[in-house]
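Q: Next input, structure requested:
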Amino acid sequence: MIPQCEQQSFEDLKAIELARHIVDEVTTRGTSDTILLDIRGLTVIADYFVVTSVSSSPQMRAVRDALDHEVAKFVGRNPKIEGERSDAWVLADFGDVVVHLFSEEGRSHFRIEEFWDEAPIVLHVQ
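A: Prediction:
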């Protein structure tokens with residue numbers, strides 16, 4: 001159980017704070033080439049995209065589980081997750097922030113950054 005003083009209300013959490021927390025969580029688990037894109041003004045589906053890569057199926061499982069459990073605790077609700085732990089692309093929808101978690105092969109295949117090349121890069125962790 002999370003102490004009340006540490007738990008954040010999802011409604012009170014600003015999208016950029018959530019996005020930066022997600023970047024911290026995924027990079028702590030060894031993801032590579034993590035990009036935070038500001039997609040406000042380009043679409044109404046979210047404010048930010050976090051795009052990152054993993055190098056193995058076990059790492060994909062670990063990061064997906066962290067999104068589903070650790071980040072969910074931080075925001076006080078679970079994301080909508082599409083994709084299995086063994087897939088090339090897992091999407092986690094936190095509302096204002098959408099996470100695109102790719103295998104290295106999946107990222108080069110889907111090339112999602114090309115679709116959002118007009119989006120400013122807020123943060124890039126290599």
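Q: Report the secondary structure state of R85.
A: coil (DSSP: H, G, I helix; E, B strand; the rest coil).
Q: Need phi/psi at P58.
A: phi -60, psi -40 (degrees, to the nearest 10).
Q: how deep is it tucked in, by neighbour count?
A: 11 (other C-beta atoms under 10 Å). Every residue, glycine included, has its C-beta placed from N, CA and C.
Q: From L37, how far out is it?
A: 27 Å (C-beta to C-beta, to the nearest Å).
Q: Return the helix or strand in the chain with minimum mean pLDDT.
A: Using mean pLDDT, DSSP states H and E, helix 72-75 stands out as the lowest-scoring helix or strand of the chain, at a mean of 86.
Q: Run the chain-centre distance for that helix.
A: 13 Å (C-alpha atoms, centre = their mean, to the nearest Å).
Q: One more: stretch 35-53?
A: 10 Å.
Q: In space, not sequence, find me the middle residue of this protein.
A: V99 (2.8 Å; C-alpha atoms, centre = their mean).
Q: can you give me the mean pLDDT across the strand or helix carrying it?
A: Using DSSP states H and E, V99 maps to strand 97-103. The predicted model assigns strand 97-103 a mean pLDDT of 97.
Q: one step back: list the contacts for the residue nearest to the centre of the chain?
A: By C-beta atoms under 8 Å, 6 or more residues apart in numbering, the residues touching V99 are I22, V26, F49, V50, T52, L67, P79, V90, L91, A92, D93.
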